[in-house]
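[1] Predicted model, plus sequence, below.
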Amino acid sequence: MALPLKSTLFLLFLILVSNIFAPIISFGSSIDQEREEFYEELLLRPLPDRKVLAHFHFQSTAPPSNSNGRHHHLFPKAISQLVQKFQIKEMELSFTQGRWNYEKWGGFDPISSNNAKPPGVELWAVFDVPQDQVDASWRNLTHTLSGLFCASINFLESSTMYSAPQWSFRPATGNIRYGMLPREAVCTENLTPWLKLLPCRDKAGISALMDRPSIYRSFYHSQRLHLISNKSGPEGMNPGIVLEQVLTVVLQPNSQRTGMTFSGEKNVQPSWSLSSIFGRKVSGKCVLAKSSNVYLQLERALVAKLKKNKNKGADNIASEGFWSETGFELSVRPDRVFEEENNSHRKDSSVLFEFSVDKYSDSQPFDLGLTWKFPVIWSCKPAPLHASRFLMGSGNERGAIAILLKSADLHDASLGTCSSSDGYKFRVDVFQVVPWYVKVYYHTLQLYVNGQPKAVGDVIEKIHVSPSKDKISPGVMEMVLQFPCDVKSAVLTLEFDKGFLHIDEYPPDANQGFDIPSAAISFPNFYTSLFFPGNGSVDKSPVLMKFQEKNPVLSYTEVLLVPLTTPDFSMPYNVITITCTVFALYFGSLLNVLRRRVNEEERLLKSKAGKTTRLSRLLSKLSAKLRRKPQETPETPSNSSSFISSKLLLKIFLVAVLAVAWQYYFE
Amino acid sequence: MAQTETGKETAREIPKMKPRPIVLLGIFLISHCFLVSVVCCTAGVLALLLLPVLAKNTYISENALMPGSASSMLSNHDISEANRLAKDLSGLNLGLEDTGIESRRILARYLSDLGAEVSYHKFLSQQNHLHPLHFFSSPDGLMRENFSCSSYGVNTVGIIRAPRGDGKEAIVFVTPYNFGKSDLSETLSLSIAYSVFSLLTQVTWLAKDIIWLIADSQYGEYDSVAAWLRDYHTPSFTGLVSSNVDACVVGNNLEISNDNSVVQGKISDGFRRAGTMAAALVLKVTDGNEQWDDTLGIYAEASNGQMPNLDLINIVNYLAVHRQGLRVKVQKFWSLLDLKWLEFLGKTFELLGKLARSLNPDWKFGIPASDYIEGTATLASSLYFQALGIPTGPHGAFRDFQVDAITLEISPKVSSSSKAKLNEFVLRGGRLIEGVIRSVNNLLEKFHQSFFLYLLTSPSKFVSVGVYMIAFALLVAPLPLVAASLYADANKLDFGMKFDKSTPVATASSERDITFRSWKWLSAAKEVFVIHMWGVVVLLLPYLISQIPDLSPTASFVSWVLLSMLSLLILYLILGSPFSHSHASLKGDWAMLKSATISAVFIGLLLMSVVNFATAEIGALLMVPLCLMAQPLKLDIRAASLRSFFRVSCTLILGFIAFPPVAFFTSKAVFEGPDSINLGDFWNWMESLRAWNSATYVYIGMVHLPCWMLCIHILFHSC
């Protein structure tokens, strides 16, 4: 009896408080038009391979303001200063560990398309400065970010590390710079500064879930920071900034390894709850947040499977009973249920459960749990073509890069908009940056479509190549490929030579090999957008807004490791000495032989003899007298040589014997 | 007067010109080349025999490997899983043709249940596809038009993606498995590998992807692994080959049946890759041995005597000996163990070692005689298998792509047939593999720290290149000296003769004669060249002979010999016999020829030592004494002294032994007993060398045989 009483009191208090403050808030907003806002959201999604995707989304917005160096209420000052200083129009920085599994975790939805990033660090930025200052801005930006996030982003400063994609990476952007550090190790020291940008850090609200060990135990971990500044106001105003901070984690719920029986039991998805996957619970919202929601998304394929299980076609999916019958149970009653509005022919649609964290507190923490009752097997929708990239050839001399695009689903008829009848073709954009020490010969580009070699001109619609310059800039290749609609597989190969580096250009652990950063493959004909018509569509949550955006499907390929020839770092001095000695001996004797003329020496001696001074003659006479023999009698060279060298050998031998004796007796 | 004075002065001054010390040394060595060559050759042979004494203990050079520093995680649970797989597989062995498909299906199901990516790799086995002219070309340019569906194999590949790894590198382990008819030991190897694989799907420490290749070994273990590697590194995108294979496969219905909805969609026919390979292990289980406990055999020799990095062998050896208590062995020639003279030599070295230690306790180079004999037997086999240039297992295929790989052959004790013992054995094997994989997984860089050029004298002892080079260098060193001295002598001799013969009338022509004489080496060089051409012809003959169908090895061998002789005859007729101008032969003629021969041997051996050191070493052992001793028999017979008789007999024996077939049969008789000799064996041996692209084949044809021929020619020179 006590508990309900308490809660009702609490509610009453809340109502009171809100009643008191509401006018103030409305009053404030009327003054400022827009206030700085902060949203925190978490999206959870079960994945087909018994894992769970957790997608944290924090959004801070700062409206345009006129005062310079103004104090922010919520918005991180560091970021706003960054934007002001470097005139950043748009920027994205991501730290990623692990690989996004495009086959199992999907490649067609907004999350995989926006948040699946290549391993390591990826940074791109669009600047709002004149063309000639872009590089300088970029360099300063890398250093600032490097300090801000405790990462070696400053290595992107060097012109060999970044590139300026023209059109393939992001359409219609001018002053963009793009850089990747595939080998950057991502760790909690990168997360802490990232969390510092949040108004509540990880002390309250949804971010309190971020238990470091469980996050870093994840299979995929990508922490991303994306900001857009819109200079909508008049001149002199500071730009309004939208800062998105996203952490995408793929976790494996702890479940005891079931006995591997091949009955259905094994295929039951593991049940999980927030406390079991993160080890923490959400105790209330971050008070500064405007909204604080947790979403649970079920994918189209899963929903379809569940509906099939239920065997009743159209039921009201919003009702709770429906789901418990179909196969799973939620420990918390959802506040709202959205169903995706699907204007296309597809009848299955994704379902989203919304849980508001507002009403939970320390005493009654929010702990969403999901319990599966029946085995469900489904698969995520993959990207239209599955892209993979690999190296061909062996040896330290040359090799080839191959990008293999394979049509992923055979049963899915269609590639949507693509139909060969109206001559419409299937477009793929490829953007690839290759470091200069991998010398790609772009003329060796070969294309195979469905196992048939194709002329480059038949398939490539548009291509932009800027070849690498040694030690100055990387090679960049941007391509628009047009495939016929029935494309099953397409292969692109490029041959390269492996370059030699100067000894001090080798990074530490050079014997590991060198990385070729991921290529970005995008499919402009296909858009990722999920539209959830809400009941109160006025205050849309940022995640759902993000879902609605029409972005082309984007996927990244693997990072490649190219073994290059490496010098023997352990003994460069020895190697240098030996090589120099050998060269000196060889060239010395060669030159000696080449420039010697027959009888030259005799002539030289003759002329010398003519010119001998009296002193030298005297000396020679003296020596002859001392030796008590006439001045040297001619001897055949061979005799004298053998005589001399045998004597020499004897001497050497004696010295050696002495040395051995010395050694022996003095030890 | 003044004129004569200056003339005198110059006469006095000119000899004053001192030759440089290096020239002096050269002249000294050349003038004493007999002594030098005797000393060097003896020292070379001695140094070779000393190698087991000089061998160092292996040590783990790369610190990052840290073998055995983590406790093994393989548990009995994994073993029981593996046993279930083994039971399922062996339960299948009733059907005839179908078992392959069914067992593949079971394997794929087990693998995908573990969460691994499974794919099938279909290939056509290519046997005897080598053309002599494609010797050094890459195999991918081969024609593949005449294939038959009967010889396609299907490898099953399972890949574990490292959970937090970036997927740039991969570790491969291979278990050859004959899907057609598998025996207990193969199933055992599969269950060891499976237990490790199932463990690795759960561990958190993986940094590199793991590839498990279950190689379809019905057409040979090597072929299937090589085919997979070829497709991994140099795939063909034209789809010609794969469609051919697919056409074969369709009939056999490899696809997973649709009702098995779990597996469906997870297994792809597409080729799956995982980064650059860091290392590879081939795991085999052989039938039990009676003598010892569980033993582990390490096979490391790849094509042309290439070895994997010593660190790989070290970690396997370390883990097997110190963690799993397996008995590690490498190949050795058992017959060498009871050679009397070797025992004597071992005892001598032991005695010398003791003596040295009594003089100075710091000098520790003596090893027990039994160790010496063991070391020699191992060293001899190590040298032989490197010289052969044929990989000793499927690991050889990896080395062609610069991946360090070894084959581990585990054999349980024969009595251990009980269930518990078998489990114990699987656990040991699995823990060994796990340890090795964990070590390699720790590796940040690729293997580069330790040696690549070495000979093993026991699993834990090795001779590095710096030491074993000495023996070869000593053997080869006298060759240029002797060649130079012979050349100088021959020139001098000719001039001497000229001056004896020359009459005042002939002085005008003598000038021209001298210039002619100084180019005399050209005719000798021509002879050497012609004989080497013959060597090339002999080298190419087996290709033609092998085109003749249904020829027994003996017949092939005989026809090869006959054809070789015929070709020699034809060469005589066409190019003019190098032996024919005996009428015009001068005294120095044979010396000039010998000089050229020795130069050719020297160059050939040096080149070979770069390609395959062990071949060069054995070749030098056979050829160098013969080349140095070869001298026309006539001269010795004329001399008719004891010394010349001794020389003649030595030369004849050496000449007999250095003939490649004789050398082969002799060594076979020594190692395997005299009753195992069969004429066809040599043909088979050469054929296998040819089929495996061994450089030794080229060496025998282009260096050894011609030089032997030239030596024989010098022996029977009519001077």
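    Structure's in. What do you need?
[2] closest point of chain A to chain B, which residue?
    Closest to chain B within chain A is residue A:451: 2.5 Å, counting by C-beta to the nearest C-beta. C-beta here means a position set from N, CA and C on the backbone, and glycine is covered the same way.
[3] Report all helices and strands that the helix or strand encompassing residue B:472 contacts.
    Residue B:472 is part of helix B:465-476, with elements assigned from DSSP states H and E. Helix B:465-476 sits against helix B:33-54, helix B:589-611, helix B:613-629, with contacts defined as 3 or more C-beta pairs under 8 Å, 6 or more residues apart in numbering or on different chains; DSSP states H and E.
[4] what bits of the stretch 251-400 of chain A have low per-residue confidence?
    A:255-267, A:310-326, A:342-347 (pLDDT under 70).
[5] switch the cut-off to 80
    Under the criterion pLDDT under 80, the flagged ranges of the stretch 251-400 of chain A are A:254-268, A:307-327, A:341-349, A:374.
[6] ranges for the strands of it?
    Listed in chain order, the strands of the stretch 251-400 of chain A (DSSP state E, counting those that start in this stretch) span A:272-273, A:291-298, A:328-330, A:336-339, A:351-356, A:369-372, A:385-392, A:398-407.
[7] between the last one and strand A:385-392, how many degrees?
    Our comparison of strand A:398-407 with strand A:385-392, counting by axes from the mean of the first three to the mean of the last three C-alpha atoms, to 10 degrees, yields an angle of 160 degrees.
[8] Is strand A:398-407 positioned near chain B?
    Yes. Using C-beta under 8 Å from any C-beta of the partner chain as the criterion, contacts between strand A:398-407 and chain B involve A:402, A:406.
[9] quick one, the helix of greatest length in chain B and helix B:589-611 angle?
    Using DSSP state H, we find that the single longest helix of chain B is helix B:521-547. Orientation of helix B:521-547 against helix B:589-611 (the same axes, to 10 degrees) gives an angle of 50 degrees.
[10] Which neighbouring elements make contact with the helix or strand just after helix B:521-547?
    Remark: after helix B:521-547, the chain's next helix or strand is helix B:553-575, criterion DSSP H and E. Contacts defined by 3+ C-beta pairs under 8 Å, 6+ apart place helix B:553-575 against helix B:521-547, helix B:679-691.
[11] Extract the residue ranges of the stretch 501-650 of chain B that are flagged as low pLDDT.
    B:501-521, B:547-551, B:572-589, B:639-640.
[12] hey, C-alpha coordinates of stretch A:389-398 in PDB?
    C-alpha atoms of stretch A:389-398 as PDB (Å, rounded to 0.1, in the frame of the first residue of the first chain):
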ATOM      1  CA  ARG A 389      37.800  -6.100 -51.300                       C
ATOM      2  CA  PHE A 390      40.900  -8.300 -51.300                       C
ATOM      3  CA  LEU A 391      44.400  -8.400 -52.400                       C
ATOM      4  CA  MET A 392      45.700 -10.600 -55.200                       C
ATOM      5  CA  GLY A 393      49.100 -11.900 -56.000                       C
ATOM      6  CA  SER A 394      52.000 -12.600 -53.700                       C
ATOM      7  CA  GLY A 395      55.500 -11.500 -53.300                       C
ATOM      8  CA  ASN A 396      57.100  -8.200 -52.500                       C
ATOM      9  CA  GLU A 397      57.000  -6.800 -55.900                       C
ATOM     10  CA  ARG A 398      53.500  -6.300 -57.200                       C
END
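[13] Now tabulate the strands of the stretch 251-400 of chain A in CSV and tack on mean neighbour count.
    Formatted as CSV, these follow (neighbours: other C-beta atoms under 10 Å in any protein chain shown):
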stretch, mean neighbour count
strand A:272-273, 20
strand A:291-298, 23
strand A:328-330, 17
strand A:336-339, 18
strand A:351-356, 21
strand A:369-372, 18
strand A:385-392, 21
strand A:398-407, 20
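[14] Grab the nearest non-local neighbour of residue A:253.
    Leaving aside its sequence neighbours, residue A:253 sits nearest to residue A:272 (C-beta to C-beta, 6 or more residues apart in numbering or on different chains; 3.6 Å).
[15] The one you found touches residue A:368, doesn't it?
    No. If you go by C-beta atoms under 8 Å, residue A:272 and residue A:368 don't touch, sitting 9.1 Å apart.
[16] burial measure for the nearest residue to residue B:86 once chain neighbours are set aside, as a count.
    Of all residues not flanking residue B:86 in the chain, residue B:191 sits nearest, at 4.3 Å (C-beta to C-beta, 6+ apart). Per other C-beta atoms under 10 Å in any protein chain shown, the neighbour tally for residue B:191 reads 29.
[17] ok, and residue 482, which helix or strand is that part of?
    Since you didn't name a chain, this refers to chain A. Going by DSSP H and E, residue A:482 is in strand A:475-483.
[18] wait, chain B
    Going by DSSP H and E, residue B:482 is part of helix B:478-501.
[19] winner for burial among the helices and strands packed on helix B:465-476?
    Mean neighbours per residue, mean count of other C-beta atoms under 10 Å in any protein chain shown, is largest over the helices and strands packed on helix B:465-476 for helix B:613-629, with a mean of 25.
[20] Kindly reformat the helices and strands packed on helix B:553-575 as CSV containing mean neighbour count.
    Listed next are the helices and strands packed on helix B:553-575 as CSV, based on neighbours: other C-beta under 10 Å:
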stretch, mean neighbour count
helix B:521-547, 18
helix B:679-691, 19
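[21] Out of the ones you listed, which is closest to chain A?
    helix B:521-547 (18.8 Å).
[22] could you say what helices and strands that closest one packs with?
    helix B:553-575, helix B:589-611, helix B:679-691, helix B:705-715.
[23] Pull the distance from the first one to the chain's centre.
    In this case it means helix B:553-575. Distance of helix B:553-575 from the chain centroid (C-alpha atoms, centre = their mean, to the nearest Å) equals 28 Å.
[24] what's the answer for stretch B:599-610, then?
    Distance, centroid of stretch B:599-610 to centroid of chain: 17 Å (C-alpha atoms, centre = their mean).
[25] got a list of contacts for it?
    Stretch B:599-610 has contacts (C-beta atoms under 8 Å, 6 or more residues apart in numbering or on different chains) with B:472, B:476, B:479-480, B:483, B:528, B:532, B:615-617, B:619-620, B:623-624, B:627, B:695, B:699, B:702-704, B:706-707, B:710.
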